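Asker: Would you be able to build a 3D model of this:
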Amino acid sequence: MTEPKPSAFTVFGSLPPEIQLTIWEVALPCPRDVPEAILVFVNFDLSRPRAILSCIDGLKDLSSEIDVVSPDNWSKDDHKYIYRRSRGFSTKEDVFSLFHTCRKSRAVAGKIYSLDIESNEEWNTELWNPATDTLYLPGLAYLRSHKSFIKWLAEKRERPHPGLQSLVNLALTLNPLFMLTTQLIPDFDNVDDVHPAGFFNSWLRNFPALQMLDLYIDPLGLGERRRGCLVPFKPLDIPMMKLYNLRPSRVENNIALLVEKCLPQGREVPFIEVFVLCLDRRTSPEHRDDPT
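Answerer: The predicted structure is shown next:
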């Protein structure tokens, strides 16, 4: 007859603090493995992603978005998400539990994750420094749902997220989905047709200190790599297929006009640029794709 398994690791409290911290670090899910996590790459470093965990209803169950999409239209990200679902994955509740277990587990989780809730605590600059760091927000961890991601960006808040309210440099992915959602196409030529209560009017309120908005094209999917650093590269000002054959300068100018319409009087328009993402080979000595 086998003995029943213990319900708790009773000697955990007597372990050296260094070992306790190591155990909590191992228990903490990687942001890439939490489908609802909003990924944050600080200064384009892919090796240590951070994440924001949202509490809005639109991100509670992403499976419904998969169910209504035809498999013929699934992207590589969708397939990876479904594959992960079939094998089991972490949820944001797993991370929430570490925030509430004890002081040490909360400290470990707080170095990687930020909860999208109001807080009276000072901002933890171990996550990122809003005044000096560039935050690249590509979307959700597995299903790059721009519908859910943009809903989060535009969510009304009494106060902005503490790590975003003083953010100076923001980077977003520029792709056809982004352009459609922001109503920049198909009527891209006529900015006046965009409703003033559109996308930019909603989400710019959540970034009151924003001075630079960079929009990135990632034609090779380099943001999916597990290691290395991305490098912004200024493209030639020629028609680009990824931008509906528009020139980068035209995209920049039209978005700047749209943003200017939506900003409150007296606020300056952030400096807007379009870049292509490249890989810094110095951070990837193997010169091959990383496994995902």
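Asker: ok, L135 to F233 distance?
Answerer: Remark: distance between L135 and F233 (C-beta to C-beta, to the nearest Å) = 19 Å. For every residue, glycine as well, the C-beta is placed using N, CA and C.
Asker: Those two: which has the busier surroundings?
Answerer: L135 (23 against 11; other C-beta atoms under 10 Å).
Asker: measure the more buried one to M212 for me?
Answerer: The value you get for L135 to M212, if C-beta to C-beta is used, is 11 Å.
Asker: Now for the two: what residues contact both?
Answerer: By C-beta atoms under 8 Å, 6 or more residues apart in numbering, L135 and M212 have these common neighbours: 169-170.
Asker: Quick one: low-confidence residue ranges for this protein.
Answerer: 1-9, 55-89, 142-147, 176-177, 180-201, 283-292 (pLDDT under 70).
Asker: Tell me the helices and strands packed up against the lengthiest helix in it.
Answerer: In the chain, ranked by residue count with DSSP state H as the criterion, the top helix is helix 248-262. With contacts defined as 3 or more C-beta pairs under 8 Å, 6 or more residues apart in numbering; DSSP states H and E, helix 248-262 has these neighbours: helix 199-203, strand 212-217, strand 271-279.
Asker: what's the neighbour count on G110?
Answerer: Neighbour count of G110, defined by other C-beta under 10 Å: 16.
Asker: which residues does it contact?
Answerer: Each residue near G110 by C-beta under 8 Å, 6+ apart is listed here: 99, 124, 126-127.
Asker: quick one: it from P16, how far?
Answerer: Following C-beta to C-beta, the distance that separates G110 from P16 is 21 Å.
Asker: now do N129
Answerer: Per C-beta to C-beta, N129 is found 31 Å from P16.
Asker: L15 - how many residues pack around it?
Answerer: In terms of burial, L15 registers 13 neighbours under the definition other C-beta under 10 Å.
Asker: Show the contacting residues for it.
Answerer: Applying C-beta under 8 Å, 6+ apart, one finds that L15 lies in contact with I23.
Asker: related to what we said a few turns ago, can the helices and strands packed on helix 248-262 go into a markdown table with extra columns for distance to P29?
Answerer: Supplementary listing: the helices and strands packed on helix 248-262 in a markdown table, determined by distance: least, C-beta to C-beta, whole Å:
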| stretch | distance to P29 |
| --- | --- |
| helix 199-203 | 27 |
| strand 212-217 | 26 |
| strand 271-279 | 25 |
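Asker: can you redo those as CSV with distance to K151 and mean neighbour count?
Answerer: As requested, those are arranged in CSV below (distance: least, C-beta to C-beta, whole Å; neighbours: other C-beta atoms under 10 Å):
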stretch, distance to K151, mean neighbour count
helix 199-203, 9, 19
strand 212-217, 19, 19
strand 271-279, 22, 18
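Asker: who has more neighbours, N129 and P16?
Answerer: N129 (16 against 8).
Asker: I'd like the secondary structure assignment at the more buried one, please.
Answerer: coil (DSSP: H, G, I helix; E, B strand; the rest coil).
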